[in-house]
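K.L.:
Pasting the sequence and the predicted model now:
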Amino acid sequence: MDVLPLVALVAGSAAIAGAARRTPVAAPLLLVAAGLVAAYIPGVPAYTLDPHIVLPLILPPLLYTAAVDSSYLDLRANIRPVALLSVGYVLFATLAVGWLVYRLVPDLPLTTALVLGAVVAPPDAVAATAIARKLGLPSRITTILQGESLLNDATAITAFKVALAAAVGAGASWGGGVGEFALASVGGVGVGLLLMVPLHWLRTHLTEALLQNTLSLLIPFVAYAAAEQVGASGVLAVVVVALYLGHRSWQVDFETRLQEAAVWKMVAFVLESAVFALIGLQLPVVLRGLGEYGVGEALGYAVGIFVAVVVVRFVWVFPATFVPRALFPRVREREPDTDWTAPVVIGWAGMRGVVSMAIAFSIPLTLDDGKPFPGRNLVLFLTFAVVIGTLVVQGLTLPPLIRLLKLPGRDRQADTLAEAQAQSEASAAAERRLDALLADDANALPQPLADRLRTVLDRRRNAVWERLGAVNEVTGESADETYRRLSREMIEAERAVFVELRDRRRIDDEMMRTLLRRLDLEEAAVYREDGSD
């Protein structure tokens with residue numbers, strides 16, 4: 001097996017994604033563009049999206065890392081709009097886009113058109129999360145988009161299976177489709193509910209962070225495989241488990257949390273980068289397969305279907321936003337007021353991604369009777385065009401659209417004030433606990449050490465308040481920022497001495513690593529409030 005193409009893909013996509021962080025353009029857009037260009041560079045190997053790899057091996061960790069960072073409480077508070085988008089919209093888009101494709105493309109069977117409708121129905125979890133994170137959208141819109149993209153793959157995959165069964169002649173009925181959807185959704189949630197408590201128990205009872213993080217890497221694959229084994233939705237199982245574990249992550253020890261955050265950040269970065277680069281690299285594959293359709297004719301269909309996908313989303317989003325509020329007073333009471341700008345952004349943020357491509361590539365070559373699957377190559381090309389079109393057109397225009405609409409972002413001042421108040425309450429509780437402990441003779445400490453505990457506590461309490469206050473006129477830093485900078489300079493001086501002592505053979509490498517780890521932990525503690533990447 002030649003691993004060089006895989007290494008080249010990971011290294012190249014990671015380099016481009018890293019460079020994108022220094023540009024105003026979101027990384028997915030640059031990666032797709034780079035993939036399109038690289039596909040025609042001589043010597044670049046042909047990369048083909050294998051659904052047997054993407055769906056069980058790439059999708060679960062991407063869903064897991066997105067879900068574990070999501071807020072269960074926010075999703076629960078916005079369950080109505082999330083459900084209307086992740087279930088209602090996907091089914092509506094499958095039927096509406098499928099019917100429009102059937103009317104647009106001559107001689108394409110309705111069953112094949114519905115297969116394409118299901119393929120392009122779900123906005124992508126990775127694209128939505130990446131774009132929302134880059135733009136700093138209002139928190140409620142971000143929650144709705146993330147919740148939709150986490151759950152809609154289950155609906156789309158189930159709708160695809162039903163449409164595909166009808167297309168290949170396996171026999172599919174409305175009753176059977178409803179039954180399969182019920183099994184996928186209820187079964188997926190059920191498997192997630194069965195797994196989440198024992199997995200969390202295991203995480204909290206393993207004594208080594210290394211073992212806990214190894215388990216963490218296995219969890220999405222275990223949940224996905226267990227659900228798929230019984231015919232349920234692996235997507236929903238992964239999301240349910242991840243939301244539960246993320247909600248209770250505070251019960252895991254600090255070393256595990258630190259390692260886990262670093263590990264999953266790296267895994268998500270590598271997979272997201274490679275996935276978007278792979279999308280662009282599929283262009284030669286889909287063009288070679290067009291067969292009886294000319295490129296010009298296929299492009300004409302692609303433009304029409306791209307427009308249909310965009311319009312159908314707006315046709316659903318606006319009524320789904322305002323009709324329930326008009327009909328049900330309880331909805332108006334429970335949910336904040338909104339105007340037309342929020343559904344405009346949600347409607348325009350429907351980027352498609354790797355899941356659509358992987359589902360399209362899973363379409364069989366032949367029907368049950370051995371005849372070629374009608375329009376399979378055209379479906380692949382149209383899926384590719386919709387994915388590229390939504391990522392590029394909507395991805396590039398979404399930032400100026402948000403600026404034009406003047407959507408309010410998160411109130412940083414209010415967030416800092418809330419953080420300061422929360423820290424003040426927590427510090428007061430810690431101070432009461434410290435007083436109670438020091439009153440016990442069993443916990444007697446020399447006064448300098450007791451004072452040091454109080455000093456650390458005071459600094460933690462005051463650090464956030466200082467961000468609201470005056471800054472240094474020379475450096476522009478708050479007192480807390482100056483403190484962190486000076487602490488780092490001191491730690492760097494100590495680190496240099498340890499290295500010098502090692503080089504002079506005064507200490508060995510093992511001792512140096514032990515001393516450096518202590519400094520690393522202290523530096524991490526100093527910078528824990530910084531929040532920067």
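P.N.:
Sure thing, it's come through. These figures come from a predicted structure and were not determined experimentally. Numbering: from 1, shown residues only.
K.L.:
Can you say which helix or strand has the closest residue to residue 54 other than its chain neighbours in it?
P.N.:
Distance criterion CB to CB, 6 or more residues apart in numbering; nearest residue to residue 54, sequence neighbours excluded, is residue 358 at 3.8 Å. No exception for glycine: its C-beta is placed from N, CA and C like everyone else's. If you go by DSSP states H and E, residue 358 is part of helix 354-361.
K.L.:
Name the residues that touch that helix?
P.N.:
The contact list for helix 354-361 (CB atoms under 8 Å, 6 or more residues apart in numbering) reads 48-51, 54-55, 58-59, 118-120, 122, 124-126, 153, 156-157, 160, 275-276, 278-279, 282, 379-380, 383-384, 386-387.
K.L.:
Please spell out the ChimeraX selection for the buried subset of these.
P.N.:
To isolate the buried ones among those in ChimeraX, judged by 16 or more other CB atoms under 10 Å, type:
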select :49,51,54,55,58,59,118,119,120,122,124,125,126,153,156,157,160,275,276,278,279,282,379,380,383,384,386,387
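K.L.:
for the record, mean pLDDT for the helix holding residue 358?
P.N.:
Across helix 354-361, pLDDT averages out at 88.
K.L.:
show me the residues around residue 375 that make contact.
P.N.:
Here residue 375 is in contact with 105, 108, 109, 112 (CB under 8 Å, 6+ apart).
K.L.:
low pLDDT regions in the stretch 351-500 of the chain?
P.N.:
Scanning the stretch 351-500 of the chain with the threshold set as pLDDT under 70 gives 409-413, 463-476.
K.L.:
could you redo the last one with a cut-off of 90?
P.N.:
351, 353-355, 357-358, 360-377, 391-392, 394-492, 495 (pLDDT under 90).
K.L.:
Mind jotting down where the helices sit in it?
P.N.:
In the stretch 351-500 of the chain, the helices defined using DSSP state H, counting those that start in this stretch lie at 354-361, 376-389, 395-405, 412-438, 447-468, 479-503.
K.L.:
Most tightly packed of those helices?
P.N.:
When you average the neighbours per residue for each of these (mean count of other CB atoms under 10 Å), helix 354-361 leads with a mean of 26.
K.L.:
isn't residue 117 right next to residue 93, touching?
P.N.:
Yes: counting by CB atoms under 8 Å, residue 117 does reach residue 93; the two are 6.5 Å apart.
K.L.:
Would you map the strands across the stretch 201-350 of the chain?
P.N.:
Counting by DSSP state E, counting those that start in this stretch, the stretch 201-350 of the chain has no strands at all.
K.L.:
and stretch 206-221, how far out from the chain's middle?
P.N.:
Centroid separation between stretch 206-221 and its chain, computed with CA atoms, centre = their mean, to the nearest Å, is 20 Å.
K.L.:
would you put the C-alpha positions of it in CSV?
P.N.:
Taking Å, rounded to 0.1, in the frame of the first residue of the first chain, the C-alpha atoms of stretch 206-221 are listed here in CSV:
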residue,chain,number,x,y,z
LEU,A,206,-10.1,5.0,34.3
THR,A,207,-7.1,6.2,36.4
GLU,A,208,-4.8,7.3,33.6
ALA,A,209,-5.3,10.2,31.2
LEU,A,210,-3.7,8.3,28.4
LEU,A,211,-6.2,5.5,28.7
GLN,A,212,-9.1,7.9,29.1
ASN,A,213,-8.1,9.7,25.9
THR,A,214,-7.6,6.4,24.0
LEU,A,215,-11.2,5.6,25.0
SER,A,216,-12.3,9.1,23.9
LEU,A,217,-10.9,8.4,20.4
LEU,A,218,-12.8,5.1,20.2
ILE,A,219,-16.1,6.4,21.4
PRO,A,220,-17.5,7.9,18.1
PHE,A,221,-16.6,4.7,16.2
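K.L.:
Buried ones only from the contacts of residue 375, please, as a PyMOL command.
P.N.:
Selection of buried members from these for PyMOL, criterion 16+ other CB under 10 Å:
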select buried, resi 105+108+112
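K.L.:
Which members of the contacts of residue 375 occur in helices, if any?
P.N.:
Those of the contacts of residue 375 mapping onto helices are residue 112, per DSSP state H.
K.L.:
so which of the contacts of residue 375 comes closest to residue 243?
P.N.:
residue 112 (35.8 Å; CB to CB).
K.L.:
quick one: the helix holding residue 358 to helix 376-389, angle?
P.N.:
170 degrees (axes from the mean of the first three to the mean of the last three CA atoms, to 10 degrees).
K.L.:
Distance from helix 354-361 to the middle of the chain?
P.N.:
17 Å.
K.L.:
Dump that helix to PDB, keeping only the CA atoms.
P.N.:
C-alpha atoms of helix 354-361 as PDB (Å, rounded to 0.1, in the frame of the first residue of the first chain):
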ATOM      1  CA  VAL A 354     -18.500  15.800   2.200                       C
ATOM      2  CA  VAL A 355     -21.500  13.800   3.400                       C
ATOM      3  CA  SER A 356     -23.400  14.700   0.200                       C
ATOM      4  CA  MET A 357     -20.400  13.600  -1.900                       C
ATOM      5  CA  ALA A 358     -19.900  10.400   0.100                       C
ATOM      6  CA  ILE A 359     -23.600   9.400  -0.200                       C
ATOM      7  CA  ALA A 360     -23.500  10.100  -4.000                       C
ATOM      8  CA  PHE A 361     -20.500   7.900  -4.500                       C
END
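K.L.:
nearest to residue 337, of the contacts of residue 375?
P.N.:
residue 105 (42.6 Å).
K.L.:
I figured residue 381 hits residue 287, correct?
P.N.:
Yes: counting by CB under 8 Å, residue 287 is a contact partner of residue 381 at 7.2 Å.
K.L.:
lowest-pLDDT helix or strand in the protein?
P.N.:
helix 125-135 (a mean of 64; mean pLDDT, DSSP states H and E).
K.L.:
Residue 117 and residue 93: which is more packed in?
P.N.:
Counted by other CB atoms under 10 Å, residue 117 and residue 93 do not tie: residue 117 has more neighbours, with 30 against 27.
K.L.:
Measure how far stretch 220-240 is from the centre of its chain, please.
P.N.:
Going by CA atoms, centre = their mean, where stretch 220-240 is centred and where its chain is centred differ by 17 Å.
K.L.:
Now it: average pLDDT?
P.N.:
Taken as a whole, stretch 220-240 has a mean pLDDT of 94.
K.L.:
what's that stretch in contact with?
P.N.:
Contacts for stretch 220-240 (CB under 8 Å, 6+ apart): 56-57, 59-61, 63-64, 67, 150-151, 153-154, 157-158, 183-193, 195-196, 199, 241-242.
K.L.:
which one of the helices of the stretch 351-500 of the chain lies closest to residue 344?
P.N.:
helix 395-405 (6.7 Å).
K.L.:
packing partners for the closest one?
P.N.:
Packed against helix 395-405, as judged by 3 or more CB pairs under 8 Å, 6 or more residues apart in numbering; DSSP states H and E, are the following elements: helix 27-38, helix 125-135, helix 341-348.
K.L.:
show me the contacts for residue 506.
P.N.:
Per CB under 8 Å, 6+ apart, neighbours of residue 506: none.
K.L.:
Next, it: secondary structure please.
P.N.:
In three-state terms, and counting by DSSP: H, G, I helix; E, B strand; the rest coil, residue 506 is coil.
K.L.:
nearest to residue 27, of the helices of the stretch 351-500 of the chain?
P.N.:
The closest of the helices of the stretch 351-500 of the chain to residue 27 is helix 395-405. By CB to CB, the value is 10.3 Å.
K.L.:
how far off helix 27-38 does that closest one point, in degrees?
P.N.:
Using the same axes, to 10 degrees, helix 395-405 lies at 150 degrees relative to helix 27-38.
K.L.:
List just the one of the helices of the stretch 351-500 of the chain that sits closest to residue 262.
P.N.:
helix 479-503 (19.0 Å).
K.L.:
I'd like the next helix or strand past the closest one.
P.N.:
Using DSSP H and E, the first helix or strand after helix 479-503 is helix 509-526.
K.L.:
buried ones in that next one?
P.N.:
512, 515, 516, 523, 526.
K.L.:
That helix packs against which elements?
P.N.:
helix 479-503.
K.L.:
Against which helices or strands is the helix it packs on packed?
P.N.:
So helix 479-503, by 3+ CB pairs under 8 Å, 6+ apart, packs with helix 447-468, helix 509-526.
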